[in-house]
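> Test case, fold it:
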Amino acid sequence: MERTAVESLDPTRRLATIVLDGAPARLIGGEGQAGKILAALKPILSLSLAAEAVGGSERAVRDTVEYAKVRHQFGRPIGSFQAVKHRCAEMQVRLEGSRAGIRHAGTVLVDGGEDLDLLSSVVKVFATRSYFRTAAEMIQLHGGIGFTWEHSAHLHFKRAKFLEILGGTHTELRSSIADAVLAERV
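Take a look at the predicted model:
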């Protein structure tokens, strides 16, 4: 086995390329079943990434709202300005939409009743995109400190982009969503 470290967009994630040359292995499932096994795992991966995005969004919103309460400009907290209030409210709305999506998907995962592949793709796209937009807002609302390495805002931004890409890009997932929706209408 050979492992080579790979630089990651999210510096808190250690990634590596692993080469298994001559390593002993055991067949999981039957001969030729790898595609079915991987297809069954795809919705779980998508929902796991979406759930992580929800958690990241929650932390980003909380930290940004707290910062808006203590950062003063023109003699008052920046959170008292209507433009800042609106941006924080939009961050919270995106978070609540993502939470609702992941809760519903969790119910479907356990109880069935809907196309889990389609639902997990929709939830992943929505939750990870929401996290990315929230992380970008976090940087903006934190001002200059949000751009520094010493602040967590840039880590949220990188992690959000990493989650968008991992497990299928938005372009790939939206294409599969469109295929599934259009196939139902035909």
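
> Please report phi then psi for the residue of the chain most remote from its centre.
For the chain, the residue at maximal distance from the C-alpha centroid (C-alpha atoms, centre = their mean) is residue 75, at 36.7 Å. When read as degrees, to the nearest 10, the backbone of residue 75 gives phi 80, psi 10.

> do you know how far it is from residue 81?
12 Å (C-beta to C-beta, to the nearest Å). C-beta coordinates here come from the backbone N, C-alpha and C atoms, glycine included.

> same deal with residue 74?
9 Å.

> Settle it for me: which of those two has more neighbours?
More crowded of residue 74 and residue 81, by other C-beta atoms under 10 Å: residue 81, with 14 against 7.

> List the beta-bridge partners for the residue lying closest to the more buried one once chain neighbours are set aside.
Leaving aside its sequence neighbours, residue 81 sits nearest to residue 73 (C-beta to C-beta, 6 or more residues apart in numbering; 7.9 Å). The partner list for residue 73 in beta bridges (DSSP bridges) reads residue 76.

> can you count the residues close to residue 73?
If we define neighbours as other C-beta under 10 Å, then residue 73 has 11 of them.

> For this protein, which segments count as strands?
With strands called from DSSP state E, the chain shows them at 2-6, 15-19, 72-73, 76-77.

> mind putting the ones you listed in TSV, mean pLDDT and distance to residue 51 included?
Output for these, formatted as TSV (pLDDT from 0 to 100; distance: least, C-beta to C-beta, whole Å):
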stretch	mean pLDDT	distance to residue 51
strand 2-6	94	24
strand 15-19	93	20
strand 72-73	92	35
strand 76-77	95	32
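
> And these: which comes nearest residue 49?
strand 15-19 (14.7 Å; C-beta to C-beta).

> what's the closest one in contact with?
1-8 (C-beta atoms under 8 Å, 6 or more residues apart in numbering).

> which one of those residues has the most neighbours?
Going by other C-beta under 10 Å, residue 8 tops those with 14 neighbours.

> For it, give its distance to residue 162.
7 Å.

> The lengthiest helix in the chain packs against which elements?
Taking DSSP state H as the criterion, the chain has its longest helix at helix 34-70. Applying 3 or more C-beta pairs under 8 Å, 6 or more residues apart in numbering; DSSP states H and E, we find helix 34-70 packed against strand 76-77, helix 82-111, helix 116-142, helix 153-165.

> Helix 153-165 and the helix or strand of the chain with the lowest mean pLDDT, what's the angle between them?
Here the helix or strand of the chain ranked lowest by mean pLDDT, DSSP states H and E is helix 170-185, holding a mean of 84. In terms of direction (axes from the mean of the first three to the mean of the last three C-alpha atoms, to 10 degrees), helix 170-185 departs from helix 153-165 by 40 degrees.

> report the angle between the axes of helix 170-185 and helix 34-70?
For helix 170-185 against helix 34-70, the angle by the same axes, to 10 degrees is 120 degrees.

> Go through helix 170-185 and flag the buried ones.
For helix 170-185, the neighbour count (16 or more other C-beta atoms under 10 Å) marks 170, 173, 177 as buried.
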